[in-house]
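K.L.:
I would like to see how this sequence folds:
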Amino acid sequence: MQFDVDKEVYIPINRDNNCVICLENCINNKEYSISHSKLINSECNCKYKIHKSCFDKWLKNRPIEEINCLICSSKAKPILTCNQQCYELTRKMNNNKIIICISKTFIIIVLMIFILFILNILESWNNNYN
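P.N.:
The predicted structure follows:
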């Protein structure tokens with residue numbers, strides 16, 4: 001079978017039950033599609049279903065930072081678990097920023113320990129002379 005490159009190919013999907021990411025209704029006879037409104041809050045009125053696992057993979061590997069409706073591309077925000085929120089925060093931060101932040105924190109802690117050590121020595125000298 002050959003496809004004409006200039007023509008668009010439409011894949012008929014049943015939006016009532018099929019996941020709009022993988023186009024399947026059920027994964028391994030276990031995971032059924034759920035309403036997108038349980039996973040993202042969007043500005044549109046589109047109605048479709050997604051597998052939680054498909055959505056998680058898409059969310060983790062998406063090429064751009066912003067989230068859009070998977071049907072009409074209107075603005076949307078994901079409904080994230082605590083672990084997913086932590087992942088998103090570290091994903092948005094540049095690795096260099098994380099390293100710099102950790103380095104600065106480490107330097108501050110070392111300086112505080114050094115100051116406490118010096119103060120302890122000064123206090124012991126003061127006690128010896130009194």
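K.L.:
Every contact and neighbour count from this point should use C-alpha atoms.
P.N.:
Noted.
K.L.:
in whichever strand or helix holds Ile109, what's buried?
P.N.:
Taking DSSP states H and E as the criterion, Ile109 maps to helix 95-129. Buried residues in helix 95-129, counted by 16 or more other Cα atoms under 10 Å: none are found.
K.L.:
What about the residue lying closest to Ser35 once chain neighbours are set aside? Give its phi and psi, please.
P.N.:
Leaving aside its sequence neighbours, Ser35 sits nearest to Lys49 (Cα to Cα, 6 or more residues apart in numbering; 4.5 Å). Dihedral pair for Lys49: phi -120, psi 150, per degrees, to the nearest 10.
K.L.:
Can you report how many residues lie near Lys49?
P.N.:
Using other Cα atoms under 10 Å, Lys49 is surrounded by 23 other residues.
K.L.:
Run through the bridge partners of it.
P.N.:
Cys19, Ser35 (DSSP bridges).
K.L.:
I'd like to know the average pLDDT value across the helix holding Ile109.
P.N.:
The pLDDT scores in helix 95-129 average 87.
K.L.:
Run through the neighbouring helices and strands of it.
P.N.:
Here helix 95-129 touches no other helix or strand, going by 3 or more Cα pairs under 8 Å, 6 or more residues apart in numbering; DSSP states H and E.
K.L.:
any idea how far Lys60 lies from Glu66?
P.N.:
Here the criterion is Cα to Cα, to the nearest Å. By it, Lys60 lies 12 Å from Glu66.
K.L.:
Stretch 58-67: how far from the chain's middle?
P.N.:
8 Å (Cα atoms, centre = their mean, to the nearest Å).
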